[in-house]
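>>> Below are the sequence and a predicted model for it; my questions follow.
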Amino acid sequence: MKRIHSPVSIRDLSVAYHRKPVLRDIQFDAPEGKLIGIVGPNGAGKSTLIKAMMNLLPLTSGDVKIYGKPYKEQRDLVGYVPQRESVDWDFPTSALDVVLMGRYGKLGWFRRPKAADREFAMDCLDKVGMADFAKRQISQLSGGQQQRVFLARSLAQDARIYFMDEPFVGVDAATEKAIIRLLNELKAQEKTVLVVHHDLQTVREYFDWLLMLNMRQIAFGPTSWVFTADHLQKTYGGRLTVLPELPDPVAVTR
């Protein structure tokens with residue numbers, strides 16, 4: 001019988017910066033076609049995990065498999081939306097050109113995009129409500145508009161797995177709704193999406209599965225199972241804040 005591989009499979013993953021442990025013993029198999037939130041306090045290693053899964057950081061131990069193979073063999077299956085603060089928004093390029101960059105994984109770096117690629121990129125911009133801004137310099141866009149452009153770029157990668165690092169930070173309500181709509185469209189296409197997220201109030205509404213992280217893996221599974229007062233206490237500790245949608249008061253760090 002042919003084995004069916006998980007979109008993302010992590011075994012005993014540990015990462016250290018300057019010999020200081022940042023992540024320890026992370027292990028999970030991401031189910032296909034789910035929206036998976038990654039939550040934890042500042043410094044918990046959420047962004048580090050995303051970068052480690054994409055082979056952007058060396059691992060102290062463990063490994064990451066994308067559909068059963070190392071990331072370097074499957075990079076064309078992965079789309080990425082980085083944190084806005086990590087992007088040079090003054091770089092002189094248009095929104096359309098940014099989205100076209102997402103096509104290079106399919107084209108190869110030395111082949112010029114064709115008319116079909118430009119049409120595909122425009123369609124991606126249209127899906128995030130930015131088609132009218134295709135020729136606009138990215139430095140002239142608002143924060144929410146810039147985030148939409150980078151979402152369109154990830155769509156242009158035509159991936160099966162998407163890693164998104166804090167896509168909701170600093171965006172307006174309309175952009176947040178556009179992002180959620182897009183995530184659900186990806187889910188409907190059986191894509192797997194892992195999202196670093198900070199707003200605990202929207203976790204149960206937005207995500208099917210949840211990874212709760214604080215340097216170590218606290219819990220991983222369907223959101224309805226793992227988003228509990230006990231797991232939140234273990235993940236966040238700290239000052240008390242009541243989350244009214246949970247049956248019990250929950251200790252979290254604001």
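Looks like it arrived, so ask away.

>>> Residues in contact with stretch 4-15: which ones?
21-32, 45, 48-49, 52-53, 57-68, 160-161, 192, 194 (Cβ atoms under 8 Å, 6 or more residues apart in numbering). Where you see a C-beta, it was placed from the backbone N, CA and C, and this is true even at glycine.

>>> Off-centre distance for that stretch?
Offset of stretch 4-15 from its chain centre (Cα atoms, centre = their mean, to the nearest Å): 16 Å.

>>> ok, now stretch 86-100?
Distance, centroid of stretch 86-100 to centroid of chain: 19 Å (Cα atoms, centre = their mean).

>>> Give the buried residues for that stretch.
Across stretch 86-100, burial judged by 16 or more other Cβ atoms under 10 Å covers 94-100.

>>> again with stretch 129-149
Buried positions in stretch 129-149, judged by neighbour count with 16+ other Cβ under 10 Å: 129-130, 133-134, 138, 141, 144-149.

>>> Next: stretch 34-54.
34-41, 44-54.

>>> For that stretch, measure first residue to last.
19 Å (Cα to Cα, to the nearest Å).

>>> what packs against the top helix by length along the chain?
When the chain is scanned for its longest helix (criterion: DSSP state H), the result is helix 173-188. If you count contacts as 3 or more Cβ pairs under 8 Å, 6 or more residues apart in numbering; DSSP states H and E, helix 173-188 packs onto strand 35-39, helix 143-156, strand 192-196.

>>> Now do stretch 84-100: distance from first to last residue.
Stretch 84-100 end-to-end distance (Cα to Cα) = 18 Å.

>>> residues near L155, how many?
By other Cβ atoms under 10 Å, 25 other residues sit near L155.

>>> ok so, going back, show me just the buried residues among the contacts of stretch 4-15.
22-24, 26, 28, 30, 32, 45, 48-49, 52-53, 57, 59-60, 62, 64-67, 160-161, 192, 194.

>>> for the chain, what spans make up the strands?
8-17, 20-30, 35-39, 61-66, 78-81, 161-165, 192-196, 209-214, 216-222, 240-241, 250-251 (DSSP state E).

>>> what's M130 in contact with, if anything?
Applying Cβ under 8 Å, 6+ apart, we find M130 in contact with 95, 145, 148-149, 152.

>>> Centre-most residue in this protein?
Nearest residue to the geometric centre of the chain (Cα atoms, centre = their mean): M164, 1.8 Å.

>>> Isn't that one up against V196?
Yes. Contact criterion Cβ atoms under 8 Å: M164 and V196 qualify, at 6.9 Å.
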